[in-house]
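Peer 1: Structure for the following, please:
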Amino acid sequence: MARLLVSVRSADEARAAVAGGADVIDVKEPRRGPLGRADAAVWSEVRAAVPEEIPLSVALGELTEWGKCDAHAETPDFRGLAFRKLGLAGAGTGWEAEWTRLRRQWTGGPKWVAVVYADWERADAPEPDRVLDAALAADDCAGVLFDTWDKTSSSPVDLSWWRWFERARRGGRFTALAGRVDSEAIGRLAALGPDVIAVRGAACFGNDRGGTVDADRVAALARAAAAV
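Peer 2: Purely as a prediction, here's the structure:
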């Protein structure tokens, strides 16, 4: 059985996701990109609205948004969070060192989830094997998220991606499937065996990631995830 993660942008959406049966709550601001970072105050509001036994993750945007890591910069308040993830769109050469430097600067917080963009060429992001190399070498990285950068196009993920999912699993990392995933895609890609299925648009009214999370839509997705 796969766990269902629902990305929310407010405490009200988090309550709706929990009511629908979400297993993990993720905080993001979809207007700011595929892994848009919500304000830290929203993290706190969502954490207060979600039962403690439900893990909470946060999206931190793209690595390039943080610029060169400043050792004197203030570390975000990650208290109460289980996971954090950072995209690699446009990261360019040397991204491994920059990702490592940021993680060391923010040491002691929640576990990291590495992000593989399935449309990495369009996103100008590292290819899957390079991200997996870095993720498997990082003791503070607990999982790998397979997502899409361009949310206006269908995900290129198909059953041929099994080798990358399997490589992450063999390395002891959990796997998460995202990127315009709906109930049909969950059934079609079930053979990949993801540990987590992450949704946003499919959980919202009108199937619109910019819309509002609906408990009934979440419930339908939770039933589909439970069958994986």
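Peer 1: Tell me where this structure has strands.
Peer 2: Using DSSP state E, the strands of the chain run over residues 3-8, 24-27, 56-62, 83-87, 111-117, 141-147, 174-177, 196-199.
Peer 1: Put together JSON lines for those strands, with mean pLDDT on each row.
Peer 2: Output for these, formatted as JSON lines (pLDDT from 0 to 100):
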{"stretch": "strand 3-8", "mean pLDDT": "98"}
{"stretch": "strand 24-27", "mean pLDDT": "98"}
{"stretch": "strand 56-62", "mean pLDDT": "97"}
{"stretch": "strand 83-87", "mean pLDDT": "97"}
{"stretch": "strand 111-117", "mean pLDDT": "98"}
{"stretch": "strand 141-147", "mean pLDDT": "98"}
{"stretch": "strand 174-177", "mean pLDDT": "98"}
{"stretch": "strand 196-199", "mean pLDDT": "98"}
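Peer 1: can you list those strands in CSV and add mean neighbour count?
Peer 2: C-betas here are computed from N, CA, C, even on glycine. Shown next, in CSV, are these (neighbours: other Cβ atoms under 10 Å):
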stretch, mean neighbour count
strand 3-8, 26
strand 24-27, 26
strand 56-62, 24
strand 83-87, 24
strand 111-117, 25
strand 141-147, 24
strand 174-177, 24
strand 196-199, 27
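Peer 1: Tell me which of these approaches Ala226 most closely.
Peer 2: Among the strands of the chain, the nearest to Ala226 by Cβ to Cβ is strand 3-8 (8.0 Å).
Peer 1: Now stretch 28-40: buried residues?
Peer 2: Of all the residues in stretch 28-40, those buried under the rule 16 or more other Cβ atoms under 10 Å are 28-30, 33-38.
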